[in-house]
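Colleague: just need the structure, nothing else, for what follows:
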Amino acid sequence: MPVRRVTKHGEKVLKTACPPLDYEAIKGELPALLKDMWATMQAARGVGLAAPQIGLSMRLCVIDVRPDGKSQRLVLINPEIVSLDGELNDEEGCLSLPGVYHKLRRRARARVRALDENGVSRELSGEGLLARAFQHEIDHLDGKLFVDRLEFEDKLKVLDAIKTARPNWD
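Modeller: Presented below is the predicted three-dimensional model:
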């Protein structure tokens with residue numbers, strides 16, 4: 001389970017929409033890839049990780065928001081948002097922008113459809129942090145970072161924070 005390098009703001013793979021993933025073509029490699037993704041996410045102390053964050057242009061992400069302190073690992077292959085509801089305005093960060101946080105308005109409830117690690121189609125619902133994680137990780141698969149969703153003035157503040165934080169990124 002090697003921990004992979006997390007791509008950082010400014011790397012092209014983070015700004016490129018990922019093509020749909022062919023489950024049959026990847027299923028042999030998937031267990032090892034998922035082990036690496038889980039190890040990387042855990043080492044970075046994240047609650048989600050998308051394949052572009054480890055340099056892979058694949059519609060694949062993992063999420064574990066640890067509800068009630070217990071691990072609940074979710075694998076999403078080719079995820080799509082089915083529905084969004086409510087509103088949540090909370091601080092958000094990203095493993096690809098270490099040390100940079102800003103309040104961002106997201107939907108409070110989200111329902112997504114995706115294949116799981118066994119290629120089975122599932123619909124999952126989440127509220128609060130899980131809903132935010134669904135939206136955040138799917139944004140990564142669409143070539144967007146949370147800063148892309150900020151209003152102009154807030155984006156300028158975050159870009160200043162990125163300039164300050166960048167020298168500490170590895």
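
Colleague: show me what the lowest-mean-pLDDT helix or strand in the chain is packed up against.
Modeller: For the chain, using mean pLDDT, DSSP states H and E, the weakest element among its helices and strands is helix 152-165, scoring a mean of 89. Where contact means 3 or more Cβ pairs under 8 Å, 6 or more residues apart in numbering; DSSP states H and E, helix 152-165 is packed against strand 101-106. Where C-beta positions appear, they are placed from N, C-alpha and C, glycine not excepted.

Colleague: average model confidence for the strand it packs on?
Modeller: In this model, strand 101-106 carries a mean pLDDT of 95.

Colleague: please name the nearest non-neighbouring residue to D154.
Modeller: Among residues not flanking D154 along the chain, H102 sits closest, at 6.1 Å (Cβ to Cβ, 6 or more residues apart in numbering).

Colleague: residue contacts, L104?
Modeller: N89, D90, E91, E92, F146, R149, L150 (Cβ atoms under 8 Å, 6 or more residues apart in numbering).

Colleague: and the fourth one, helix, strand or coil?
Modeller: Looking back up the chat, that one is E92. At E92 the chain is in strand, as set by DSSP: H, G, I helix; E, B strand; the rest coil.

Colleague: look up the closest residue to it, ignoring the ones flanking it.
Modeller: Nearest one to E92, counting by Cβ to Cβ, 6+ apart, is L104 at 4.5 Å.

Colleague: partner residues bridging the residue nearest to D154?
Modeller: Bridge pairing for H102 (DSSP bridges) gives the partners E92.

Colleague: check V112 too.
Modeller: I81, L124.

Colleague: next one: it from Y101, what distance?
Modeller: 24 Å (Cβ to Cβ, to the nearest Å).

Colleague: of these two, who's got more company?
Modeller: Legend: neighbour count by other Cβ atoms under 10 Å for V112 and Y101, higher for V112 (24 against 13).

Colleague: residue boundaries of the strands in this structure?
Modeller: Along the chain, counting by DSSP state E, strands occupy 48-50, 60-63, 74-85, 88-93, 101-106, 109-115, 121-127.

Colleague: okay, the ones you listed in a markdown table with distance to N168 next?
Modeller: Putting those into a markdown table (distance: least, Cβ to Cβ, whole Å) gives the following:
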| stretch | distance to N168 |
| --- | --- |
| strand 48-50 | 20 |
| strand 60-63 | 25 |
| strand 74-85 | 30 |
| strand 88-93 | 14 |
| strand 101-106 | 14 |
| strand 109-115 | 32 |
| strand 121-127 | 32 |
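
Colleague: which of these sits closest to F134?
Modeller: strand 109-115 (4.5 Å; Cβ to Cβ).
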